[in-house]
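Peer 1: Next one to model:
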Amino acid sequence: MIEKVKISKFKASCLTLLDKVKKTGRPILVTRRGEPMAQVIPPPPPEKQASWLGAFQSTGKIVGDITSPALPISFSGLF
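Peer 2: Residues are numbered from 1 along each chain as shown. Below is the predicted model:
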């Protein structure tokens, strides 16, 4: 069940009530003369940070033979 709080009490203890909503996860209904004025709901859970490891996992493409040299090598002028 949603806790109902008069607007005067909400104004006097706003930060305490906001902390309570965050800790308990239960919403609070703020009323004025018995009429609902606002509803304070808890924030969504934080999103998990994606790891940078494997970030480019499926972005590359291997074309051709990856074990042979890219350019022909000539050793004739070295010796």
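Peer 1: so how far is the helix or strand containing residue 20 off the chain centroid?
Peer 2: Using DSSP states H and E, the element containing residue 20 is helix 14-24. Put simply, helix 14-24 sits 21 Å off its chain's centre (CA atoms, centre = their mean, to the nearest Å).
Peer 1: Now do it, average pLDDT.
Peer 2: Across helix 14-24, the average pLDDT comes to 95.
Peer 1: partner strands of the helix or strand following that helix, parallel or antiparallel?
Peer 2: Proceeding N to C from helix 14-24, the next assigned helix or strand is strand 28-32, under DSSP H and E. If you go by DSSP bridges, strand 28-32 pairs up with strand 3-6 (parallel), strand 35-40 (antiparallel).
Peer 1: Looking at those strands, which one is packed in the most?
Peer 2: strand 3-6 (a mean of 15; mean count of other CB atoms under 10 Å). Glycine gets a C-beta too; all of them are placed from N, C-alpha and C.
Peer 1: any idea which helix or strand comes after that one?
Peer 2: helix 7-12.
Peer 1: now the strands paired with strand 28-32 as CSV including mean pLDDT?
Peer 2: Listed next are these as CSV, based on pLDDT from 0 to 100:
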stretch, mean pLDDT
strand 3-6, 96
strand 35-40, 96
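Peer 1: Which one, of those strands, ends up nearest to residue 73?
Peer 2: strand 35-40 (71.2 Å; CB to CB).
Peer 1: Need the strands paired with strand 28-32 in JSON lines (columns: distance to residue 63).
Peer 2: Shown next, in JSON lines, are those (distance: least, CB to CB, whole Å):
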{"stretch": "strand 3-6", "distance to residue 63": "63"}
{"stretch": "strand 35-40", "distance to residue 63": "57"}
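Peer 1: Nearest to residue 26, out of those?
Peer 2: Closest of the strands paired with strand 28-32 to residue 26 is strand 3-6, at 6.7 Å (criterion: CB to CB).
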